[in-house]
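[1] got a sequence here, can you build the structure:
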Amino acid sequence: MAIAESIVCPKCHSEDVVGTGRGSGGVIELRCRACDTSWPRTPATPCPRCASLDVEVTSYMGWAYDDLEEARENPMADYSEVERIDYRCHSCRNTWR
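    The predicted structure follows:
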């Protein structure tokens, strides 16, 4: 069973493509049944307001205190790195995280 009509093999251009599982970060592993080529595919995130796929994704690396109460007393408190991802729809200008 093919995943979708629009997904084609990058090597042989066959539409006989199947999903073989999910990787980390929502990546879908695909495999062509015609030539046995495998590749990862990251699905697009649609806008929750208008369902457009014309979405800009921006990732920021930063940090945050592990315990905010401790940090108020001690500015050298433990912290961790965090990744923030912002989304912006080019069609309706909606933004979300």
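[2] may I see the buried residues of stretch 29-40?
    Across stretch 29-40, burial judged by 16 or more other C-beta atoms under 10 Å covers 30-32. Quick note: C-beta positions are derived from backbone N, CA and C, even for glycine.
[3] so Ile7 makes contact with Ser14?
    No: with contact defined as C-beta atoms under 8 Å, Ile7 does not reach Ser14; the gap is 10.2 Å.
[4] would you mind measuring from the residue of the chain most remote from its centre to Asp67?
    Most distant from the centre of the chain: Glu73, at 37.0 Å, with distances by C-alpha atoms, centre = their mean. Glu73 sits 10 Å away from Asp67, taking C-beta to C-beta, to the nearest Å as the criterion.
[5] next: Ser38.
    For Ser38, the distance to Asp67 equals 43 Å [C-beta to C-beta].
[6] and if you look at Arg49?
    36 Å.
[7] can I see the domain layout of the chain?
    1-43, 44-97 (automatic domain parsing).
[8] so what's the gap between the longest one and the chain middle?
    Domain 44-97 has its average C-alpha position 13 Å from the chain's average C-alpha position, going by C-alpha atoms, centre = their mean, to the nearest Å.
[9] what about that domain, average pLDDT?
    The predicted model gives domain 44-97 an average pLDDT of 92.
[10] cool, stretch 9-17 as well?
    For stretch 9-17, mean pLDDT rounds to 90.
[11] distance between the ends of that stretch?
    From its first residue to its last, stretch 9-17 covers 7 Å (C-alpha to C-alpha, to the nearest Å).
[12] same thing with stretch 26-37?
    This stretch, stretch 26-37, spans 20 Å end to end (C-alpha to C-alpha).
[13] quick one: contacts of that stretch?
    Under the contact criterion C-beta atoms under 8 Å, 6 or more residues apart in numbering, stretch 26-37 has outside partners 3, 7, 9-12, 14, 16-23, 38-43.
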